[in-house]
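>>> Build me a model from this:
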Amino acid sequence: MSSRFPHRPFVLVGVLVVGVMLAVVGCSSVAPLGPVAAATMPQPHKLHTPFVLQAMRAEPAALPAGGCPAGYVALAGNQGWCYRKIGMPVTITSAAVSPVAAQGPNPQYAFTLTLPVSDVPALTAVTTTAAHVKGPLALSVDGRIWVLPMVLQPFTGPQFEVPLPSRSQALQLQRILA
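Residues are numbered from 1 along each chain as shown. Next up is the predicted model:
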């Protein structure tokens, strides 16, 4: 009796599942998705509204007054933290946008963005900058920052998840982009 190794598609599905689980550990962190066969990857198209990815450095606000150090700003909805832009921002004008899905026992909501292969080096550069300082990655549209997940490792592929704390926020951002 001979043993057989799993076929490649099953291995890729397993890696993808692990990648998704790592990407949605919480809104406090985000990771790239695992490898996906080129045939199953959604095709990017021009977005309704482009978005900007910017590496940030985060510092706790000074107590008791809660003020930010020089060069840092407080952002609405992120009380207790101060942020400063670092590195070069990346403007994304094309991507495939997946449907919103609930994930985890305490539902968080996310959708996947698939960028054109030509944008992967810029994505890798901005996420490398964020990962180097263990900082967040700001995704902003028209000057409004939507998410600030911590980057655990650089993204080297064209897909990543955008986690948001509520279904309504996830649907709103998804509609703005798509």
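>>> pLDDT below threshold where in the protein?
In the predicted model of the chain, residues 1-41, 64-66 satisfy pLDDT under 70.
>>> Distance check, the spatially closest residue to Asp142 that is not a sequence neighbour against Pro154.
Of all residues not flanking Asp142 in the chain, Thr49 sits nearest, at 6.9 Å (Cβ to Cβ, 6 or more residues apart in numbering). Glycine gets a C-beta too; all of them are placed from N, C-alpha and C. Using Cβ to Cβ, to the nearest Å, one gets 26 Å for the distance from Thr49 to Pro154.
>>> Pick out whichever of these two has more residues nearby.
Pro154 (17 against 12; other Cβ atoms under 10 Å).
>>> Verify the stated contact: that one with Pro121.
No. Pro154 is beyond contact range of Pro121, at 11.0 Å (criterion: Cβ atoms under 8 Å).
>>> and the next element down the chain from the helix or strand where the residue nearest to Asp142 lies?
Element membership for Thr49 (DSSP states H and E) is strand 45-60. Scanning forward in sequence from strand 45-60 by DSSP H and E, the next helix or strand is strand 73-74.
>>> Do a quick rundown of the strands in this protein.
29-30, 45-60, 73-74, 81-97, 101-103, 108-114, 137-141, 144-147, 150-151, 159-164 (DSSP state E).
>>> Please convert these to a markdown table, extending it with distance to Arg175.
Formatted as a markdown table, the strands of the chain follow (distance: least, Cβ to Cβ, whole Å):
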| stretch | distance to Arg175 |
| --- | --- |
| strand 29-30 | 21 |
| strand 45-60 | 8 |
| strand 73-74 | 28 |
| strand 81-97 | 9 |
| strand 101-103 | 15 |
| strand 108-114 | 10 |
| strand 137-141 | 11 |
| strand 144-147 | 12 |
| strand 150-151 | 25 |
| strand 159-164 | 13 |
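>>> mind checking which of the ones you listed is nearest Ala125?
Closest approach to Ala125 among the strands of the chain is made by strand 81-97 (7.2 Å; Cβ to Cβ).
>>> That closest one packs against which elements?
strand 45-60, strand 73-74, strand 108-114, helix 120-132, helix 167-177 (3 or more Cβ pairs under 8 Å, 6 or more residues apart in numbering; DSSP states H and E).
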